[in-house]
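Asks: Predicted coordinates and the sequence they were generated for:
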Amino acid sequence: MNRLRLVIVFALVSVGLGVSVLRVGSVLAAQRPHAAPAPFLYRPYYGDQTVLSRSISLFDHDSPNYVQDGTFVRYDGQVFQTGGATSCQPYVNCYDGHNGYDINLYFAPVLSAGAGTVIRASWFNPSNHLDGGGLWVAIDHGYHDGIDYVSMYCHLSAILVSIGEQVGAQWQIATSGSTGSATGPHLHFSVFEMPNWQPMDPFGWRGSGPDPNTVPDYYLWTSDPAAPTQAPCLACGDNSLRTGATLVDDASPGFSTTGTWYTATGTGVIGGAMHWTPTTTANAPTATATWRPTIPTAGMYEVGVYVDPIDSGSQWAGYSIRSLNAADSPITTTVWLDQQHIGTFQNAYGTISTGPQWVSLGSYQFAAGAQPDGQVTLSNATGEDGAQLGADAVEFVPLSGGAPPPPPAPTPGPTATPTIPPTPTAIPPTPVPTQIPGLLPPHQRGGHP
């Protein structure tokens with residue numbers, strides 16, 4: 001039998017450029033019978049670890065809108081009386097109003113959780129890059145049994161897709177990071193019911209009583225959610241090269257520049273030195289850097305760029321990757337990377353220190369030998385005025401395990417100023433900072449998928 005609940009909503013809604021207003025209204029929430037959608041989500045990362053075993057903060061079924069009412073309700077119905085972030089199980093936070101899952105993903109490839117259309121790919125708040133989700137991507141997965149679902153990926157260091165692009169399940173769309181309102185590198189992952197960005201829990205509801213969330217929560221993970229391809233972890237361990245990698249440093253014969261570049265030396269740079277140049281707001285670059293590898297064997301390679309802890313301050317660095325498509329024709333893909341929030345930087349929560357990092361630009365197909373059609377080019381036409389754009393080393397690491405992912409589709413050339421499209425009637429509430437504790441070994445932690 002249909003059960004209707006009248007819920008009076010007093011919610012802080014983020015609108016425009018991060019300004020919060022008080023919305024007072026009434027929402028008629030229907031806990032109605034509904035055919036459960038067929039599961040369609042896959043893990044948004046490489047590897048065999050389950051989502052719950054990698055989660056460091058969970059979804060709050062009681063008002064997942066970042067309003068702290070003192071109550072947190074987990075997907076199994078357990079209630080925690082809390083304010084802010086509180087440990088509700090070993091090494092996992094349950095904090096009031098959280099609208100998704102924070103996943104322990106340290107500068108690692110982020111995959112699309114399902115097929116769909118990219119509807120967001122930029123800064124969450126273009127006027128304040130320390131606000132909310134930082135660099136973020138959202139994918140509209142279309143209707144599943146009458147419900148239009150969107151997945152959201154926040155705190156990214158690099159974006160590999162553009163608005164309007166069609167992606168398949170588990171295509172690499174980004175690399176995780178620590179942009180926006182975050183106290184450390186991780187991935188904030190949320191699922192929304194459209195058109196009003198209503199957060200729902202993709203693990204469904206397993207409590208014995210009624211689900212307090214105002215939209216139905218269904219279990220959306222497929223029975224085999226792991227990615228068939230295992231890309232190398234460029235940020236794992238120290239910052240040394242991965243096994244089998246081809247390195248092109250800024251002192252290598254395969255490195256070249258145009259325009260004016262300066263050199264800098266210091267701790268943490270590859271080979272003891274790196275290059276940098278000021279960015280420009282002009283549409284055409286006044287300086288470029290290019291890395292051309294000599295590939296030992298034709299195939300798919302993960303491309304990683306080394307971001308130095310010094311002289312790397314651009315927040316919209318555009319790397320153009322020239323590679324081959326399935327027909328062995330040359331294509332160019334542009335990836336946008338935030339250099340500034342790697343290394344040591346300040347945000348509203350103090351000093352964040354990630355150290356220098358290898359950051360994945362995605363997986364691409366290259367021919368063997370010297371590369372007439374294979375290269376990575378960095379342009380100083382970022383739309384920023386005078387930021388330091390760093391250039392050091394690029395590595396090309398062969399993929400392993402299963403069929404390779406499809407080559408990325410060509411993306412439009414860089415624009416002078418990154419923009420975000422017009423928002424719908426509501427936008428997702430601004431995520432709050434997440435404390436990142438250590439994790440128990442995976443075999444000591446339960447959970448699925």
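Replies: The structure has been received and is ready for your questions.
Asks: make it CA atoms for all contacts and neighbour counts henceforth
Replies: OK.
Asks: chain center to stretch 242-255: distance?
Replies: What separates the centre of stretch 242-255 from the centre of its chain is 26 Å, taken as C-alpha atoms, centre = their mean, to the nearest Å.
Asks: for stretch 87-104, same thing?
Replies: Centroid separation for stretch 87-104 versus its chain: 18 Å, with C-alpha atoms, centre = their mean.
Asks: buried sites along that stretch?
Replies: Applying a neighbour-count criterion of 16 or more other C-alpha atoms under 10 Å, the buried positions in stretch 87-104 are 88, 91-104.
Asks: Between the two ends of that stretch, how far is it?
Replies: Distance between the boundary residues of stretch 87-104 (C-alpha to C-alpha, to the nearest Å) amounts to 16 Å.
Asks: Now that stretch: average pLDDT?
Replies: In this model, stretch 87-104 carries a mean pLDDT of 86.
Asks: so where does the nearest residue to Thr344 once chain neighbours are set aside fall, helix or strand?
Replies: Counting by C-alpha to C-alpha, 6 or more residues apart in numbering, Thr344 lies nearest to Ser353, which is 4.2 Å off, once chain neighbours are set aside. Counting by DSSP states H and E, the secondary-structure element that holds Ser353 is strand 350-355.
Asks: which residues touch that strand?
Replies: Applying C-alpha atoms under 8 Å, 6 or more residues apart in numbering, the contact partners of strand 350-355 are 183-185, 309, 342-346.
Asks: which element follows that strand toward the C-terminus?
Replies: Using DSSP H and E, the next helix or strand after strand 350-355 towards the C-terminus is strand 357-366.
Asks: Quick one, grab the pLDDT at Pro228.
Replies: With respect to pLDDT, Pro228 scores 80.
Asks: show me where the stretch 301-449 of the chain has strands.
Replies: Along the stretch 301-449 of the chain, the segments classed as strands by DSSP state E, counting those that start in this stretch run 317-324, 330-337, 343-347, 350-355, 357-366, 369-370, 375-379, 388-391, 394-398.
Asks: Now tabulate the ones you listed in JSON lines and tack on mean neighbour count and distance to Leu111.
Replies: What follows is those, written out as JSON lines (neighbours: other C-alpha atoms under 10 Å; distance: least, C-alpha to C-alpha, whole Å):
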{"stretch": "strand 317-324", "mean neighbour count": "24", "distance to Leu111": "19"}
{"stretch": "strand 330-337", "mean neighbour count": "23", "distance to Leu111": "15"}
{"stretch": "strand 343-347", "mean neighbour count": "15", "distance to Leu111": "24"}
{"stretch": "strand 350-355", "mean neighbour count": "15", "distance to Leu111": "22"}
{"stretch": "strand 357-366", "mean neighbour count": "27", "distance to Leu111": "10"}
{"stretch": "strand 369-370", "mean neighbour count": "14", "distance to Leu111": "29"}
{"stretch": "strand 375-379", "mean neighbour count": "21", "distance to Leu111": "22"}
{"stretch": "strand 388-391", "mean neighbour count": "27", "distance to Leu111": "26"}
{"stretch": "strand 394-398", "mean neighbour count": "26", "distance to Leu111": "18"}
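Asks: Could you pull out the helices in the stretch 51-200 of the chain for me?
Replies: Using DSSP state H, counting those that start in this stretch, the helices of the stretch 51-200 of the chain run over 51-54.
Asks: pLDDT below threshold where in it?
Replies: Residues of the stretch 51-200 of the chain that meet the criterion pLDDT under 70 lie in 83-86.
Asks: So what's the gap between stretch 276-287 and the chain middle?
Replies: Remark: stretch 276-287 is offset 26 Å from the chain centroid, using C-alpha atoms, centre = their mean.
Asks: my bad, should have said stretch 378-389
Replies: 22 Å.
Asks: Not counting its own residues, what contacts that stretch?
Replies: Outside stretch 378-389, the residues touching it (C-alpha under 8 Å, 6+ apart) are 276-290, 311-314, 316-320, 339, 391, 414-418.
Asks: thinking again about what came up before, as CSV, the strands of the stretch 301-449 of the chain with distance to Arg54 and mean pLDDT would be great.
Replies: Supplementary listing: the strands of the stretch 301-449 of the chain in CSV, determined by distance: least, C-alpha to C-alpha, whole Å; pLDDT from 0 to 100:
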stretch, distance to Arg54, mean pLDDT
strand 317-324, 29, 96
strand 330-337, 24, 96
strand 343-347, 24, 87
strand 350-355, 19, 88
strand 357-366, 20, 94
strand 369-370, 39, 88
strand 375-379, 32, 97
strand 388-391, 32, 97
strand 394-398, 25, 95
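Asks: Between the ones you listed, which one is closest to Leu234.
Replies: strand 357-366 (5.7 Å; C-alpha to C-alpha).
Asks: which secondary structure elements does that closest one contact?
Replies: Helices and strands touching strand 357-366, by 3 or more C-alpha pairs under 8 Å, 6 or more residues apart in numbering; DSSP states H and E, are strand 147-159, strand 172-176, strand 299-307, strand 317-324.
Asks: what does it contact?
Replies: The set of residues external to strand 357-366 that reach it, using C-alpha under 8 Å, 6+ apart, is 107-109, 157-158, 160, 172, 174-175, 234-235, 239, 295, 298-308, 323-325, 335, 342-343, 374, 405, 407-408.
Asks: before we move on, the earlier item: return the most buried member of the helices and strands packed on strand 357-366.
Replies: Stretch with highest mean neighbour count among these: strand 172-176 (a mean of 29; mean count of other C-alpha atoms under 10 Å).
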